[in-house]
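J.: structure for this input, please:
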Amino acid sequence: MTAPRASQRAPRPRLGRRAPCARIALLGPLALAACLSVPDGPAPMCKRTSDCDQASGEVCQDNVCWGNPPPGPFAGVASPPSTRRDLVALELPQVVIPPDGLIDDIVLPSPSVLTGRIVAFCPPPLTGCSTTLASTITVSREAQFQGGPGFKATVDVDAGAESFSIPVPAPGSGGNYSLTIVPSSDPPSPSSGRAASELAPPLRLLLGAPDTTAVKTIVLGGAELPVISGALTNSLSQGLANYRVSAFGRWSAAEPPTEVSSVDFTDAMGSYAVTLSSGLVGTVELVARPPSGTIAPTIHLANVDATKSSRQDKTVASARFGSGAPIKIMVTGADLGGAISPIAGALVTVSGALADADGSAFYTLGDQQVTDTSGVALLNVLDGAEIASSFRMSIIPPASSTLGVVFDQAVTPSVRLASRVALRGVVVDATGVPQANATVTARPSLRFLWTLESAPQAFVAAIPAATAVTLETGEFVLWVDAAVAQVASDYDLVIEPPVTARAPTYVDAGVALQRDASDAVSLGAIVLPDAAFVHGRIVGPDAAPVENAELRLYLIASEALLCTQVAHAPSSCPIPAQIQGRNTSDAKGTFRLTLPR
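T.: Predicted coordinates:
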């Protein structure tokens, strides 16, 4: 978003009441002190429509000049409160805001109800698979407008439950539903072994109109599905027991990998068998994780054919990894006065990887710990020369720290964190008045994230966002990292004034830093756009007002030029629509939004 242009209309008249304290000051200090303890509310913007910008369509109501909205185009999402299961969220691909700012009633619809039972396939002669599986069920639908959040609902179903029930938007409201079912997977008990129901794979279904009457039985698994089996052993041909084995793959080439098989735990001989889901694309990666509390590498077998059954045996050369050897890392840093002290609460991660010479497998190993009050983290890893030589270290300091991150560096016993860069600025409204108590958050921009490769992208996403609240003078300071993975940082500043300020939420995009930025960068004055006030009602199908419903209003992204300018944008390049305002409805169903012009 570019900097707001100065308002081209005359400032609205200030119609605030004459200060009552000025009239009673003569009564003495005690009376004046009592007066000062009761703050005035915001001054009324208008008393009559003639006080507003009538040429732009504004009207005066409840001492507010409503209307003269920005041009858009706008879309929205209206959501009922969680207590109203008789209503469902509504996507609004086009929201028309009239010149007077009064939006037509938004009618939340009654839902269709997606129901069913989840059971496991039972190959003969097994029986007893008719009990409902414990599962996590997610139903989703693509956004009905460009860059929108879409629809998504998730429920957890207990084992033996009669059925599941998920309210969804009614059929015909746009797009098909994607239903993803992931059964629970727990380690087997020593006596009972694995039941057929515990070996069911996840399932992805595309649904048209949900059936709101019959309870359907959905079967996970099947005799025709590919099964990947094998054994994991060490160099002495001993089985690696209790490893958690599953496959990661995709139902769609545009999605990131996710778990797409049943889960098995290796027996005393190291044997396992997992069933793949149907409808997979490409290959899968078999991942075997060691038992909890065991210091051992995770085993990865990549490029396994997802269309047919196969056997994947693997012997792990134990001598390559050595034995458990904790690594002690001390984290320190300088405060603003220059004093060096231990840093408590820093998240320290050490990880490494090792591949077989023939490329048949690779192994990952790592640990993650938080530094104690003495700034020390003890990480449990292995000391084999090959794996140890691959170890790399990353550190994320506590939230709001003035100290910077460490990413993918050689492991050292002591680390002194460098100082972050201080972003200093002043938030003022469209008339130049400083804005106090506004929340300012530095959010990594899409340009920055998509310039990074996948590993540093995930790392940056895990860094707590820097947040500050402006002083009475409108001043703020944010401590941010100047670069990550040798890439200069770029931030969007999200500025959220208090409700009483009558100023809009604003995103100051593209605060770009140099990799060698100095200790402080001055942003100068950040001018909030002039505010436009719009309102309306949220009601149910019976036209009754809905209290505590939320409306989010978005500005639809008009172009995707960024996708061609960065090296690591997702293939679908999902540039999100920019939220312009959000609020909840009152007891009368009325919502009020402040939008940036």
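
J.: so for the helix or strand containing Ile526, mean pLDDT?
T.: Secondary structure assigned from DSSP states H and E places Ile526 in strand 520-527. Confidence over strand 520-527, taken as the mean pLDDT, stands at 94.

J.: partner strands of that strand, parallel or antiparallel?
T.: On the basis of DSSP bridges, the sheet neighbours of strand 520-527 come out as strand 421-428 (parallel).

J.: what residue is smack in the middle of the chain?
T.: Nearest to the geometric centre of the chain sits Ala461, at 8.8 Å (CA atoms, centre = their mean).

J.: can you list contacts of the helix or strand following the strand holding Ile526?
T.: Scanning forward in sequence from strand 520-527, with DSSP H and E defining helices and strands, the next element found is strand 531-539. Contacting residues not belonging to strand 531-539 are listed as 64-70, 78, 97, 101-108, 430, 502-504, 545-546, 549, 551, 581, 585, 588-597 [CB atoms under 8 Å, 6 or more residues apart in numbering]. Yep, even glycine has a C-beta here, placed from its N, CA and C like the rest.

J.: sorry, back to before: now the strand holding Ile526: buried residues?
T.: Along strand 520-527, these residues count as buried under the neighbour rule (16 or more other CB atoms under 10 Å): 521, 526-527.

J.: just to revisit the earlier point, buried subset of the contacts of strand 531-539?
T.: Applying a neighbour-count criterion of 16+ other CB under 10 Å, the buried members of the contacts of strand 531-539 are 64-70, 78, 97, 101-103, 106-108, 430, 503-504, 545-546, 549, 551, 581, 585, 589, 591-597.

J.: surely Leu449 is in a strand?
T.: No - the assignment for Leu449, made by DSSP: H, G, I helix; E, B strand; the rest coil, is helix rather than a strand.

J.: quick check: the closest residue to Leu220 other than its chain neighbours vs Thr266, distance?
T.: In space, not counting the residues next to it along the chain, Leu220 is nearest to Ala200; the distance is 3.7 Å by CB to CB, 6 or more residues apart in numbering. In this view, Ala200 and Thr266 are 18 Å apart by CB to CB, to the nearest Å.

J.: more crowded one of these two?
T.: For Ala200 against Thr266, the residue with the higher neighbour count under other CB atoms under 10 Å is Ala200, and the figures read 30 against 22.

J.: can you give the domain ranges for this structure?
T.: In terms of domains, the chain is parsed into 74-107+535-586, 111-223, 227-316, 327-417, 421-529 (source: automatic domain parsing).

J.: just the terminal-to-terminal distance for the first one.
T.: Chord length of domain 74-107+535-586, first to last residue, is 23 Å (CA to CA, to the nearest Å).

J.: next one: that domain to chain centre, how far?
T.: Averaging C-alpha positions (CA atoms, centre = their mean, to the nearest Å) puts domain 74-107+535-586 18 Å from its chain's average.

J.: cool, the fourth one as well?
T.: Distance of domain 327-417 from the chain centroid (CA atoms, centre = their mean) equals 25 Å.

J.: give the closest residue to Pro574 in space, chain neighbours not counted.
T.: Gly147 (6.9 Å).

J.: and what of Pro342?
T.: In space, and not counting its chain neighbours, Pro342 is closest to Gly375: 2.7 Å by CB to CB, 6+ apart.

J.: all strands for the stretch 451-597 of the chain, in order.
T.: Along the stretch 451-597 of the chain, the segments classed as strands by DSSP state E, counting those that start in this stretch run 466-469, 475-480, 483-484, 487-488, 490-496, 506-512, 520-527, 531-539, 550-555, 578-584, 590-596.

J.: quick one, which of the ones you listed is nearest to His300?
T.: Within the strands of the stretch 451-597 of the chain, the stretch nearest His300 is strand 483-484; the backing value is 25.7 Å (CB to CB).

J.: that closest one: partners in the sheet, and parallel or antiparallel?
T.: According to DSSP bridges, strand 483-484 has these partners: strand 487-488 (antiparallel).

J.: could you give the mean pLDDT of the partner strand?
T.: Averaging the model's pLDDT scores along strand 487-488 yields 94.

J.: hmm, back to that, pretty sure the residue nearest to Pro342 contacts Met330?
T.: Yes - look at Gly375 against Met330 with CB atoms under 8 Å: they come within range, at 5.3 Å.

J.: any shared contact partners between these two?
T.: Taking CB under 8 Å, 6+ apart as the criterion, Gly375 and Met330 both touch Pro342.

J.: list the contacts of Leu203.
T.: Contacts of Leu203 were listed using CB under 8 Å, 6+ apart, and they are 179-181, 218, 220, 277-278.

J.: which residues does the residue lying closest to it once chain neighbours are set aside bridge with?
T.: Distance criterion CB to CB, 6+ apart; nearest residue to Leu203, sequence neighbours excluded, is Ile181 at 4.7 Å. When bridges are taken as DSSP bridges, the partners of Ile181 come out as Ile137, Leu203.

J.: start the count at 24, not 1, going forward
T.: Let's use 24 as the start, then, which means that last one is Ile204.
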